[in-house]
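Trainee: Everything below, folded, please.
(chains A, B, C and D)
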There are 2 protein chains.
Amino acid sequence: MKLKTKDKLLSTATVLFSKNGFYGTSINDVAAQVSVSKQGLLHHFPSKEKLYAAVLAQAAHHLVELVQEIKAESDDAQVQLFALFSKMTCADEERLRVIILLMRELLDNRERAEQAHKWFLRPFLDDVVAIVTSGQQHGYFKGQSPLAFVYHLLGATQYYVVSRPTLDKLYTREEREQHEQQHIAMLKGIIFDT
Amino acid sequence: MKLKTKDKLLSTATVLFSKNGFYGTSINDVAAQVSVSKQGLLHHFPSKEKLYAAVLAQAAHHLVELVQEIKAESDDAQVQLFALFSKMTCADEERLRVIILLMRELLDNRERAEQAHKWFLRPFLDDVVAIVTSGQQHGYFKGQSPLAFVYHLLGATQYYVVSRPTLDKLYTREEREQHEQQHIAMLKGIIFDT
DNA sequence: CAAAATACCTACCAGGTGGTAAGCTGTCAA
DNA sequence: TTGACAGCTTACCACCTGGTAGGTATTTTG
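Mentor: Numbers count the residues shown, from 1 in each chain, chains lettered A, B, ... in the order given. Sure thing, here's the model as predicted:
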């Protein structure tokens, strides 16, 4: 039970960073929500940047694990790919937060991490690209560049997931559910008909 | 020449908000970059929120204009759609900023504008959906829900554009250019083969 | 020409920011 | 028993935040 506070800080930080972004979140807010003083937080994570880095690292780990799960469930590249994007589309709250964080990082990192500072998503992207590459050896995804192919699906899916809260406000529930079904149908079409 | 300062403030704010987000940008920074005092800025835009709203409004206008340009160039829905996403992919700096702003707003608006507060992108989205709907009357895009279809293309494209700076750092120039060509090829495939 | 509006300015404010310094308390090994 | 360390605490810091008050030139208008 030693890790409790540190873990609570980390998960609370994940929630707040994904909701409000790096600048929109203060370490005060994070600490207060765990009923710890700000300096209690700074004891575990010596700076805000370090805290954010830890959050990103955990998020990246989450995605890599997701790919491993999916690989364990099926050996077929098409099935794997479709399972991945289905699971990303119908994500639980935690996964949703990871996806949002990922998107924020894409927008922010250009300046905050200008230097080489490895992109935290690289391992995940490489894993997914590897699925496509191996699929091509079985005759799937013909004529596609693996990276561009993955990126297309990733983009469409992540954008949809991030938009969902907004779409919820703009359309009725039935429209939204239909939209989701059709989004998945499009993924299916692209993945299985190529 | 009356509008000069106000316009300069607006365009500078657009740059900074798109780079650093709402919370990451201070009205001080904006004002300083135009060599005006913070209160000079607050004279033209009575609060930070108002400034941000003005930036979003201008960005929305930019996109609606883009659609109008494209409609003027061709009457064919497929051509229009492809032209739109091509132009978004190969955007100049200003358009790029608009796309980034749009993405940020998608991530942030959920909380800052919780209330009905019309989504600033709605007119653009409606315009593009209308293109698809009209295309369906000529036998294109069969079996597709216009909204889901548009959203898919929009997502893939915007995500790619936003990622480009990161991709630039991860891959060589040739790889990146190839990726862009292939992204456009995928759009082409989806738009013209449906 | 007077009045009013425009386009700024300096000075100031309360409150929040990330972060440091130093201290207190309990656990646990030597 | 002592000393080291983890896990906190309060007190404090310099700086930055958005925003107000009030003033001053300049321009526009009646």
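Trainee: tally of neighbours for A:A77?
Mentor: Using other CB atoms under 10 Å in any protein chain shown, A:A77 is surrounded by 22 other residues. Where C-beta positions appear, they are placed from N, C-alpha and C, glycine not excepted.
Trainee: And it, how close does it get to B:R104?
Mentor: 34 Å (CB to CB, to the nearest Å).
Trainee: Same question for A:A72.
Mentor: For A:A72, the distance to B:R104 equals 36 Å [CB to CB].
Trainee: Would you indicate which residues of the host helix or strand of A:F149 are buried?
Mentor: Under the criterion of DSSP states H and E, A:F149 resides in helix A:146-170. Going by neighbour count (16 or more other CB atoms under 10 Å in any protein chain shown), the buried part of helix A:146-170 is A:146-167, A:169.
Trainee: where's A:E180, which helix or strand?
Mentor: A:E180 belongs to helix A:173-192 when assigned by DSSP H and E.
Trainee: mean confidence score for that helix?
Mentor: For helix A:173-192, mean pLDDT is 96.
Trainee: Which neighbouring elements make contact with that helix?
Mentor: With contacts taken as 3 or more CB pairs under 8 Å, 6 or more residues apart in numbering or on different chains; DSSP states H and E, helix A:173-192 sits against helix A:77-89, helix A:146-170, helix B:146-170.
Trainee: ok, 10 Å please
Mentor: Applying 3 or more CB pairs under 10 Å, 6 or more residues apart in numbering or on different chains; DSSP states H and E, we find helix A:173-192 packed against helix A:77-89, helix A:146-170, helix B:146-170, helix B:173-192.
Trainee: Between A:A72 and B:R104, tell me which one has more neighbours.
Mentor: Neighbour count, other CB under 10 Å: between A:A72 and B:R104, B:R104 has more, with 24 against 9.
Trainee: Identify the residue spatially nearest to that one, adjacent ones excluded.
Mentor: Among residues not flanking B:R104 along the chain, B:G21 sits closest, at 5.5 Å (CB to CB, 6 or more residues apart in numbering or on different chains).
Trainee: same deal with A:L153?
Mentor: A:F85 (5.6 Å).
Trainee: Can you pull the residues of chain A lying near DNA strand C?
Mentor: Within chain A, the positions adjacent to DNA strand C are A:T25, A:S26, A:I27, A:N28, A:D29, A:K38, A:Q39, A:L42, A:P46, A:S47, A:K48, A:E49 by CB under 7 Å from any atom of the strand.
Trainee: Would you check which pair of the residues you listed lies furthest apart?
Mentor: A:D29 and A:P46 (18.0 Å; CB to CB).
Trainee: Settle it for me: which of the two has more neighbours?
Mentor: A:D29 (14 against 10).
Trainee: Let me know the helix or strand that that one is in.
Mentor: Short version, using DSSP H and E: A:D29 is in helix A:27-33.
Trainee: Packing partners of that helix?
Mentor: Helices and strands touching helix A:27-33, as assessed by 3+ CB pairs under 10 Å, 6+ apart, comprise helix A:4-20, helix A:38-44, helix A:48-73.
Trainee: residue contacts, A:H183?
Mentor: A:85, A:89, A:156-157, A:159-161, A:164, B:145, B:147-149, B:151-152, B:155 (CB atoms under 10 Å, 6 or more residues apart in numbering or on different chains).
Trainee: between these, which is closest to B:L187?
Mentor: B:H152 (10.0 Å).
Trainee: quick one: that closest one and DNA strand C, what's the gap?
Mentor: 37 Å (CB to the nearest atom of the strand, to the nearest Å).
Trainee: Looks like that residue contacts A:S163 (just checking).
Mentor: No. Under the criterion of CB atoms under 10 Å, B:H152 makes no contact with A:S163, lying 11.3 Å away.
Trainee: Next, the buried residues of the lowest-mean-pLDDT helix or strand in chain A.
Mentor: Least confident helix or strand of chain A, by mean pLDDT, DSSP states H and E, is helix A:93-112 with a mean of 87. By 16+ other CB under 10 Å, the buried positions in helix A:93-112 come out as A:95-110.
Trainee: That helix to helix B:93-112, inter-axis angle?
Mentor: Counting by axes from the mean of the first three to the mean of the last three CA atoms, to 10 degrees, helix A:93-112 lies at 140 degrees to helix B:93-112.
Trainee: Helix A:93-112 near DNA strand D anywhere?
Mentor: No. Judged by CB under 7 Å from any atom of the strand, helix A:93-112 and DNA strand D are separated, with a smallest distance of 14.8 Å.
Trainee: how big is the angle separating that helix from helix A:77-89?
Mentor: Inter-element angle recorded for helix A:93-112 and helix A:77-89: 90 degrees (by the same axes, to 10 degrees).
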